[in-house]
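Colleague: Sequence and predicted structure below; questions after.
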Amino acid sequence: MAAPMPPTPTQPLPALPAEPEIAPDTADTMRGQNEDTKAIGHIRRAIAEHVASESEVPTNVPPPQVGDIVGTVTLQEALGSGASCFVFRGWDEPTQAPVAVKIMNWANTFDRSAAMRQMRTEAAAIARVKHPRVVRFHDFGFDPRWPYLVTEYIEGRPLGDLIRGGGLPLQWSVYIISQMVDALGAVWKAGLVHRDIKPDNILVGPSGLAKLIDFGLAKQPVLQAMAPQQVGPELAGTASYLAPEQAKDASVVDLRADIYSLGVTFFEALTGRLPFDGKNRMQHIFHHLNSTPPSPATFNANVPTLVADLCLWMLVKNPAERPQDYEELRQAFDAVAGG
């Protein structure tokens, strides 16, 4: 029997859980830099395998198919694909559990070495964070047909699917974004900036619990040795959600850029639309750099002033005038929930 899917905005929503999982400061929240030796071992092994076999990779590698075995995982269902990767649900034999597998699409990869570095940077980023609202790292390897990243499988749908065509009820918007505040608190305490916060990177389960996914653009100084050297301003992120400073140069942003992107996501959850209209990437970037966002209450009269003000505070152009850290943002959401 198929697992139940989370409700859509047009269906009745279940009652909110009485106690959201908010525990960013618990002892097991963060993986220390040297604590997760298993994850580090996976990453080092994959690097060695890639270096040893890179020259032997066939020119025309067929795409992965359901039934293929990648590492210890049997691919069971194609979940989607993008320009650079395929994503599958698989079954991991050693753990006897479903997992998600991200596999490099060599056919669309111009620079294989750079693509491999980016994937292992993503693996290292996920391996550094341990929090119930953040996707968990399982494995990283090179088989040698493709590099692959294995994470926990999350039963749910992207927040983007739930809010397209109409926002969520107020309490649900606050509840889901509040969970992401705690997810990002863990990410930031691990020394990372996610740099791609958007509804499609938030998976919502049947009970309303959400998880942050996709660390492909994550940035942190300790990981920079793994990343391609950047010359000039870096372009990274999704235009509709970019903080102004990230639109100028993504290489120099800090956690406040994630706060801005979460503010755009919050606005969209409340209203079912983005704060700015734009026909293309450049128009969206122009608005993030220059235009004052409207209040979400303009498009949803049910949004209270306190909630609207919090959303607009997250969307201030100057990062020095936004919430400055996890604690300040957490307190603001606590005040909204209590109000």
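Modeller: Nice, thanks for sending it over.

Colleague: List the buried residues in stretch 91-98.
Modeller: The neighbour-count check on stretch 91-98 (16 or more other CB atoms under 10 Å) flags 91-92, 98 as buried. C-beta: built from backbone N, CA, C; applies to glycine.

Colleague: out of these, who's nearest residue 110?
Modeller: Using CB to CB, residue 92 comes nearest to residue 110 of those, at 31.1 Å.

Colleague: Name whatever forms a beta bridge with the closest one.
Modeller: Beta bridges link residue 92 to residue 73, residue 97, judged by DSSP bridges.

Colleague: okay, it: pLDDT?
Modeller: Residue-level confidence at residue 92 comes out at 94, pLDDT.

Colleague: Which of the three states applies to the nearest residue to residue 319 once chain neighbours are set aside?
Modeller: Closest residue in space to residue 319, ignoring its immediate chain neighbours: residue 256 at 4.0 Å, by CB to CB, 6 or more residues apart in numbering. Residue 256 carries the three-state label helix when classified by DSSP: H, G, I helix; E, B strand; the rest coil.

Colleague: same question, residue 172
Modeller: Relying on three-state DSSP, one would call residue 172 helix.

Colleague: Check the spacing between the residue nearest to residue 319 and residue 331 real quick.
Modeller: To residue 331, residue 256 is 16 Å away according to CB to CB, to the nearest Å.

Colleague: between the two, who's got more neighbours?
Modeller: The neighbour count for residue 256 versus residue 331, taken as other CB atoms under 10 Å, is higher for residue 256 (24 against 11).

Colleague: separation between that one and residue 262?
Modeller: On the measure of CB to CB, residue 256 and residue 262 end up 10 Å apart.

Colleague: do the same with residue 104
Modeller: Distance from residue 104 to residue 262, counting by CB to CB: 29 Å.

Colleague: just residue 254 next, same as before
Modeller: Distance from residue 254 to residue 262, counting by CB to CB: 14 Å.

Colleague: next one: residue 292
Modeller: Taking CB to CB, one finds residue 292 at 19 Å from residue 262.

Colleague: ok, these two, which is more surrounded?
Modeller: residue 262 (26 against 11).

Colleague: residues in contact with the closest residue in space to the more buried one that isn't next to it in sequence?
Modeller: In this structure, residue 262 finds its nearest non-sequential neighbour in residue 197, 5.1 Å apart by CB to CB, 6+ apart. Neighbouring residues of residue 197 by CB atoms under 8 Å, 6 or more residues apart in numbering: 180, 184, 212, 241, 258, 261-262, 265.

Colleague: which one in the residues you listed is the model shakiest on?
Modeller: The lowest pLDDT within the contacts of residue 197 belongs to residue 241, with 92.

Colleague: Backbone torsions only: list them for that residue.
Modeller: Phi and psi for residue 241, reported as degrees, to the nearest 10, are phi -120, psi 10.

Colleague: Can you report how many residues lie near it?
Modeller: By other CB under 10 Å, the residues close to residue 241 number 28.

Colleague: before we move on, what about residue 307?
Modeller: Residue 307 is flanked by 23 other residues according to other CB under 10 Å.

Colleague: do the same with the one 5 residues further on
Modeller: Per other CB under 10 Å, the neighbour tally for residue 312 reads 19.
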